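Enquirer: Just need the structure, nothing else, for what follows:
(one chain, ligands or ions: 1)
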Amino acid sequence: MDGKKRESERHNHRNMSRSGRLIAQAVLFTAALLLLPGPAPMDGAAQPAAEKPYFRKQPLPYPENALEPYISARTLSFHYEKHHQGYVNNLNKLVAGTPLAGRSLEEVVRETAGRPDKTAVFNNAAQVWNHDFFWQCMKKGGGGKPAPGKLLRMIETSFGSFERFANAFRTAAASLFGSGYTWLVQEGDALKIVQTSNADTPIAHGQTPLLTCDVWEHSYYLDYQNRRPDFIGAFLDHLVNWEFVESRVR
Ligand SMILES: [Fe+2]
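Expert: From the prediction side, this is the model:
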């Protein structure tokens, strides 16, 4: 065998060895594929972590048409299904993969309040909390004066009379500039009316909210257009759930 032929045989041998390795790798790869788990089930249980809904809005405590004619079903549907749900969706995207995803909603609000690096999280978390609370502050056939009891006594002690409280609440809600909420809050044994702008909330300031009226335009514009005082009047006279408010007194 001359030199050229031996070289040609060594070349063929190397090629055969490489082919053999490729075949072996292909067999191993195929076997590995067969051992992989199947596709994720379609029931939502295996969603990627980023899509997991860490927070949800509370269910409405009444049907969407329950507060008519004072708040239309259309307004309530947009407010609850679009605006409130929008804050929930934003919050879930913002906390995905962060330690805040494991916290309660109130903890997220308190832990992000006043932090410039967490403004977006705070705004959306506080809006979810504020709306959960606002829905509970109303009921069909509500409004007027609360039944005699601890709450009414506290209102009379703090404001002089129920009528003076109602007038002060009406004035505060009507005069709030821009978007926000008017609240009745408890501080110690005293009750106070406070205004908050945009998403701000009394729970970020150590106060106990008893009642709120959402005076963002999305809360009333379809029904009342620019007549915010009429919406506030309907809220106080026909919608406030005083039993819920009293249940919040500490
Ligand atoms: Fe709202």
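Enquirer: tell me which strands and helices the host helix or strand of residue 172 is in contact with?
Expert: Element membership of residue 172, judged by DSSP states H and E, is helix 162-175. If you count contacts as 3 or more Cβ pairs under 8 Å, 6 or more residues apart in numbering; DSSP states H and E, helix 162-175 packs onto helix 150-159, strand 180-187, strand 190-197, helix 228-234. C-beta coordinates here come from the backbone N, C-alpha and C atoms, glycine included.
Enquirer: Tell me which residues of that helix come out buried.
Expert: 165, 166, 168, 169, 170, 172, 173 (16 or more other Cβ atoms under 10 Å).
Enquirer: ok now do the second one, which residues does it touch?
Expert: What it means is residue 166. By Cβ atoms under 8 Å, 6 or more residues apart in numbering, the residues touching residue 166 are residue 236.
Enquirer: From residue 91, how far out is it?
Expert: Going from residue 166 to residue 91 by Cβ to Cβ, to the nearest Å gives 34 Å.
Enquirer: same deal with residue 213?
Expert: Taken as Cβ to Cβ, the span from residue 213 to residue 91 is 23 Å.
Enquirer: and if you look at residue 117?
Expert: 16 Å.
Enquirer: cool, residue 205 as well?
Expert: Taking Cβ to Cβ, one finds residue 205 at 20 Å from residue 91.
Enquirer: More neighbours: these two, which one.
Expert: residue 91 (27 against 14; other Cβ atoms under 10 Å).
Enquirer: The nearest residue to the more buried one once chain neighbours are set aside: what's it in contact with?
Expert: Nearest in space to residue 91, with sequence neighbours left out and distances taken as Cβ to Cβ, 6 or more residues apart in numbering, is residue 124 at 4.1 Å. Contacts for residue 124 were tallied using Cβ under 8 Å, 6+ apart; they are 87, 88, 90, 91, 94, 199.
Enquirer: Would you verify that residue 124 is located in a strand?
Expert: No - Residue 124 is assigned helix when assessed by DSSP: H, G, I helix; E, B strand; the rest coil, not a strand.
Enquirer: is the host helix or strand of residue 87 anywhere near the ion?
Expert: For residue 87, the element it lies in under DSSP H and E is helix 85-95. No - Helix 85-95 lies apart from the ion when judged by Cβ under 5 Å from the ion; the minimum separation is 8.7 Å.
Enquirer: Residue ranges in the chain under the pLDDT threshold?
Expert: 1-52 (pLDDT under 70).
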